[in-house]
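> okay, structure incoming, though there's no sequence with it:
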Ligand SMILES: O=P(O)(O)OC[C@H]1O[C@](O)(COP(=O)(O)O)[C@@H](O)[C@@H]1O
């Protein structure tokens, strides 16, 4: 009984108008069955190419391991890096590592095993890691965003951006070409994805045509397409920001938030606030329900967070902005460059930007 209910729910999804009315005709054939991420990437779907399929198979594997790790009863000692020594050991090597470091290692090992990655840059590392000379791809990533919330079992996420290796600079010294490859503008992304570790584990990806979400089926280990061709609502009714910073905000941002809270903006409805303080979770909700998710101070990273998420929101019909400029048009100059970030529905972002001065100028450091 339970299993027929379960498959019934799946069939509903398969036959839903959004699944049938997909933008990409070749994807329709896949949507006629409940497709996995791998099937979708294959020839019957988006035809992402063998190299990218192999890479994603490895990323999938790494993220399933991270999903298990964040849900593990043993993760609280990992997340605190409290230095519990295992019996009989005395060296630092045996100390538990924080979850974001463990996640970084899991993904790096998968990228190495894929054989498809020339260079990887991670929010957790000081500089890029050169992996293999002939790898066709460059991967930039935040291995475990929101990990400061993990002790309270609040959702976390992994973010990836994937570029092609710049073959024209293959002759440069490794350090130089590694950095240049990782500093490509977001407009050159060939794919981006995030994985949300929450009540469900969801992998949301774009390979350039549409943004699609796949939910991990724990019974088979497959990521099943549950949200084909996500279209962010043109306008939402939710704003997502750390409100406690109100008195550090610029005048424009205060006015904007005051206006939409009271239902006096272009949308004559009072907005509601939602803020998980976990970027992937706040972004995922925004993608599905619309509105705007923002961090107006120089905090989030252009390379690892802003670019991949802007790529995904744009492919879903939304916008990614630093308050003034389109994120994907900003040329990164530093690997760990930080900036204000506003992601969301096109009409909400346009209205927000019309207030001009929405970036937070002061960043006093909030130790929480
Ligand atoms: O403290 P703020 O400005 O609300 O920032 C919260 C944001 O910072 C993050 O925790 C990422 O910051 P870290 O990379 O320092 O962990 C996001 O998940 C979240 O959206």
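Great, that's in hand. Please read all numbers here as calculations on a predicted model, not as lab measurements.

> where does this structure have low pLDDT?
By pLDDT under 70, the weakly predicted segments of the chain are 1-34, 76-97.

> what are the ranges of the helices in it?
Under the criterion DSSP state H, helices of the chain are mapped to 2-15, 17-20, 25-31, 37-41, 50-70, 75-80, 99-114, 174-182, 251-261, 279-289, 307-315, 346-353.

> export those helices as a markdown table, with columns for distance to residue 332.
(C-beta placed from N, C-alpha, C; glycine too.) Formatted as a markdown table, the helices of the chain follow (distance: least, CB to CB, whole Å):
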| stretch | distance to residue 332 |
| --- | --- |
| helix 2-15 | 38 |
| helix 17-20 | 34 |
| helix 25-31 | 31 |
| helix 37-41 | 27 |
| helix 50-70 | 22 |
| helix 75-80 | 29 |
| helix 99-114 | 20 |
| helix 174-182 | 8 |
| helix 251-261 | 24 |
| helix 279-289 | 18 |
| helix 307-315 | 8 |
| helix 346-353 | 21 |
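
> please identify the deepest-packed of these.
Of the helices of the chain, the one with the most neighbours on average (mean count of other CB atoms under 10 Å) is helix 307-315, at a mean of 27.

> got a list of contacts for it?
Helix 307-315 is touched from outside by 140, 159-161, 185-186, 189, 192-194, 204-206, 208-211, 232, 279, 283, 286-287, 319-320, 326-328, 332, 341, 343-344, with contacts defined as CB atoms under 8 Å, 6 or more residues apart in numbering.

> buried ones only from those residues, please, as a ChimeraX command.
A single ChimeraX command selects the buried members of the contacts of helix 307-315 (16 or more other CB atoms under 10 Å):
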select :140,159,160,161,186,189,192,193,194,204,205,206,210,211,232,279,283,286,287,319,320,327,328,332,341,343,344
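
> okay, and which of the contacts of helix 307-315 map to strands?
140, 159-161, 192-194, 204-206, 319-320, 341, 343-344 (DSSP state E).

> tell me the residues of the chain that contact the ligand?
Applying CB under 6 Å from any ligand atom, we find that the chain lies next to the ligand at 145, 146, 148, 242, 277, 278, 279, 295, 297, 299, 366.

> among these, name the buried ones.
Buried by 16+ other CB under 10 Å: 145, 146, 242, 278, 279, 295, 297, 299, out of the residues of the chain next to the ligand.
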